[in-house]
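>>> got a predicted structure here, sequence first:
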Amino acid sequence: MQFSLQYTDQKTSARAGLIDTAHGIIETPIFMPVGTVASVKAVHQRELVQDIEAQIILGNTYHLFLRPGLEILQEAGGLHRFNGWNKPILTDSGGFQVFSLAGTRKIKEEGVTFQSHIDGSKHIFTPENNVDIQRIIGADIIMAFDECTPGTADYDYAKLSMERTHRWLARGYNRFMHTEPVYDYYQTLFPIVQGCVYPDLRKISAEFAKSFDADGYAIGGLAVGEPTGKMYEMIEVCTAILPENRPRYLMGVGTPANILEGIARGVDMFDCVMPTRNGRNGMIFTAKGIMNMKNRKWANDFSPIESDTGCFVDEQYTKAYLRHLFVSNELLAMQIASIHNLAFYLRLVKEARKHIIDGTFETWKAEITVKVEQRL
């Protein structure tokens, strides 16, 4: 994998670059739609390409491991062939499930034992077998196995957790370097920086991750309960240390404003379930603000969902119609909202890239951030 840094904004730390993978080139900054179980919920692959213009999507190691399972994925020839997506894929390691499935897992030095949410069967993820699993899934970018520390953790636990993540990283990286891809293309592994909301821990973790000279690096353990200001502070601490000539991935973040602030602080890659999850519940993100499509105020609004976006669903359907679908509990409502929100997120980072290149990012960001945060 190759990363080319093309432009750096003179007034912020915003960057524009290119990531060259075995399945195509990714223009950064980029937002990656989340396809947890080999599917971006309610969205066809053709819509991901044509309307949303997605360049890379995510898969979830925990969920894919449990279903459909490694045997089926390997028989299919990997996730790309299984789900028909021929562009880049990134898989997380399941570290977030270590955080979120607290009632059904046990963390030990060896790894994490957990119960399947599907049938209660017991499994273990170690730094080593996690690499093997992601090799079989076949993503272009795979993530090191880590523990996602809660944003409210005290200093002592955050330090113990970070140190365990570092030991796991060393073991996983060693496994990665001594194994080959299962399929006929290159894979790369990103270390993950942890450290909760403590600047000294974040510095230690960023330096440790940097020592592995990887193709890219991720910042994890944010947007998990800490104040937004703390999140931005930790991003700055990490990007100041991580190499300039490698992509930086902020995991699981976030709102349109979060993404703009992350870009301004030197982040290149983002993912979040918010555009699809919130969309399925009637929340629509637009360049003018946020709409709750279940509100009565949209019942007689026959204007397009959003004008001049180039997205088919925005031009084809009105606010009144989408509101009608939601209050009628029609499945089409979730599909339209998901496509629109993802298209908006991808358009937002595309505009950010344009303004970085033009040298107008700071002014544009100040104007658009105010708009995207307001409720309509």
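Happy to help now that I have it. Computed from a prediction, not measured in an experiment: that's the story for all the values here.

>>> from here on, contacts and neighbour counts on C-alpha atoms
Noted.

>>> against Ala158, how distant is Cys196?
6 Å (Cα to Cα, to the nearest Å).

>>> cool, and Pro150?
Distance from Pro150 to Ala158, by Cα to Cα: 8 Å.

>>> what's the answer for Gly225, then?
14 Å.

>>> the two - which one has more neighbours?
Between Gly225 and Ala158, counted using other Cα atoms under 10 Å, the more crowded position is Ala158 (23 against 12).

>>> thought the more buried one was touching Gly195?
Yes. The pair Ala158 / Gly195 is scored as a contact, 5.9 Å apart, by Cα atoms under 8 Å.

>>> shared neighbours of the two, which are they?
Shared contacts of Ala158 and Gly195, defined by Cα atoms under 8 Å, 6 or more residues apart in numbering, comprise Thr149.

>>> before we move on, back to that, so what sits against both of Pro150 and Ala158?
Cys196.

>>> tell me the buried residues in whatever helix or strand Arg347 lives in?
Using DSSP states H and E, the secondary-structure element containing Arg347 is helix 331-358. For helix 331-358, the neighbour count (16 or more other Cα atoms under 10 Å) marks 333-353, 355-357 as buried.

>>> just checking, next helix/strand downstream of it?
Next element after helix 331-358 (DSSP H and E): helix 361-373.

>>> with just CA atoms, put that following helix into PDB.
Extracted C-alpha coordinates of helix 361-373, given in PDB (Å, rounded to 0.1, in the frame of the first residue of the first chain):
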ATOM      1  CA  PHE A 361     -10.300  25.100   3.800                       C
ATOM      2  CA  GLU A 362     -10.300  27.100   7.000                       C
ATOM      3  CA  THR A 363     -12.800  29.700   5.800                       C
ATOM      4  CA  TRP A 364     -15.100  27.000   4.300                       C
ATOM      5  CA  LYS A 365     -14.900  24.800   7.400                       C
ATOM      6  CA  ALA A 366     -15.900  27.700   9.600                       C
ATOM      7  CA  GLU A 367     -19.000  28.400   7.500                       C
ATOM      8  CA  ILE A 368     -20.100  24.800   6.900                       C
ATOM      9  CA  THR A 369     -19.600  23.600  10.500                       C
ATOM     10  CA  VAL A 370     -22.200  26.100  11.800                       C
ATOM     11  CA  LYS A 371     -24.700  24.900   9.200                       C
ATOM     12  CA  VAL A 372     -24.400  21.200   9.600                       C
ATOM     13  CA  GLU A 373     -24.800  21.300  13.400                       C
END
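
>>> quick one: the helices in the stretch 1-150 of the chain?
Along the stretch 1-150 of the chain, counting by DSSP state H, counting those that start in this stretch, helices occupy 45-50, 61-66, 70-76, 79-83, 95-100, 127-137.

>>> give me the buried positions along the longest one.
Burial within helix 127-137, assessed by neighbour count using 16+ other Cα under 10 Å, is assigned to Pro127, Glu128, Asn130, Val131, Asp132, Ile133, Gln134, Arg135, Ile136, Ile137.

>>> was I right to think Gly216 contacts Phe190?
Yes. Using Cα under 8 Å, Gly216 makes contact with Phe190 at a distance of 5.3 Å.

>>> so how far does stretch 128-146 reach from one end to the other?
Note: stretch 128-146 ends 12 Å apart using Cα to Cα.

>>> when you give positions from now on, start the count at 12
Let's use 12 as the start, then, which means that last one is stretch 139-157.

>>> quick one: distance of it to the chain centre.
Centroid separation for stretch 139-157 versus its chain: 16 Å, with Cα atoms, centre = their mean, to the nearest Å.

>>> kindly report the same for stretch 62-74.
That offset, for stretch 62-74, works out to 8 Å (Cα atoms, centre = their mean).

>>> endpoints of it, how far apart?
Span of stretch 62-74 from end to end, Cα to Cα: 27 Å.

>>> swap in stretch 217-226?
14 Å.

>>> please apply the same query to stretch 38-50.
Taking Cα to Cα, stretch 38-50 runs 22 Å from one end to the other.

>>> got a list of contacts for it?
Contacts for stretch 38-50 (Cα under 8 Å, 6+ apart): 26-30, 51-52, 65-71, 74-75, 78, 90, 94, 274, 278-284, 353, 356-357, 360-361, 363-364.

>>> narrow those residues to just the buried residues.
For these, a burial check counting by 16+ other Cα under 10 Å picks out 26-30, 51-52, 65-71, 74-75, 90, 274, 278-284, 353, 356-357, 360-361, 363-364.

>>> separation between Gly88 and Leu353?
Gly88 is 28 Å from Leu353, by Cα to Cα.

>>> ok, now Gly263?
Distance from Gly263 to Leu353, by Cα to Cα: 15 Å.

>>> and Asp312, by the same measure?
Distance from Asp312 to Leu353, by Cα to Cα: 22 Å.

>>> ok, back up a step: relative orientation of the helix holding Arg358 and helix 372-384 in degrees?
Helix 342-369 runs at 160 degrees relative to helix 372-384, counting by axes from the mean of the first three to the mean of the last three Cα atoms, to 10 degrees.
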